[in-house]
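Asks: Next one to model:
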Amino acid sequence: MDTFQIRSYGIGELARCYAPNITAGAARRKLMYWISLQPALVDALHASGFSQKVRSFTPAQVRLIVEALGEP
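Replies: Residues are numbered from 1 along each chain as shown. Predicted structure coming up:
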C-alpha cells in the first residue's frame, strides 16, 4: 500500500484521495464542504493564497488540509 505524499495536488485529485468511491465532482464538493467546516483551516488556506479561482493545492496547503482532516 502506498503512503500519502505531501505534494502539489489538483483539487479533484486530492478530493479523490479522500473519497475514491464517488464521482470526481461529488468528491470535490465533499472535500470543499469538509474544509468549510474548519474555520481555522479556511483562514490558513486563504492566508497561503488559496482562492476559489485556484484549481490546485500547493504542498503547504495540502499539509494544512492533512493536519486538519487527517491523511486520506
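
Asks: And the strands in this structure, which stretches?
Replies: For the chain, the strands defined by DSSP state E cover 9-10, 56-57.

Asks: Can you add distance to residue 46, mean neighbour count and mean pLDDT and give those back as CSV?
Replies: Heads up, the C-betas are built off the backbone N, CA and C, glycines and all. Output for those, formatted as CSV (distance: least, C-beta to C-beta, whole Å; neighbours: other C-beta atoms under 10 Å; pLDDT from 0 to 100):
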stretch, distance to residue 46, mean neighbour count, mean pLDDT
strand 9-10, 18, 16, 97
strand 56-57, 13, 18, 96
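
Asks: Just the endpoints, please. Distance across stretch 35-54?
Replies: 15 Å (C-alpha to C-alpha, to the nearest Å).

Asks: where does this protein have low pLDDT?
Replies: 1 (pLDDT under 70).

Asks: if we can go back for a sec, quick one: which of the strands of the chain is nearest residue 65?
Replies: Across the strands of the chain, residue 65 has its closest neighbour in strand 56-57 (6.9 Å, C-beta to C-beta).

Asks: quick revisit: so which of the strands of the chain gets nearest residue 71?
Replies: strand 9-10 (12.8 Å).

Asks: which other helices and strands contact the closest one?
Replies: On a contact count with 3 or more C-beta pairs under 8 Å, 6 or more residues apart in numbering; DSSP states H and E, strand 9-10 meets strand 56-57.

Asks: Neighbours of residue 3, how many?
Replies: A total of 5 residues lie near residue 3 under the criterion other C-beta atoms under 10 Å.

Asks: which parts of the top helix by length along the chain are buried?
Replies: The longest helix of the chain (DSSP state H) is helix 24-36. Neighbour-count burial for helix 24-36 flags 27-28, 31, 34-35 (criterion: 16 or more other C-beta atoms under 10 Å).

Asks: May I see the strands of the chain arranged in a markdown table, with distance to residue 70 as well?
Replies: Listed next are those as a markdown table, based on distance: least, C-beta to C-beta, whole Å:
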| stretch | distance to residue 70 |
| --- | --- |
| strand 9-10 | 15 |
| strand 56-57 | 16 |
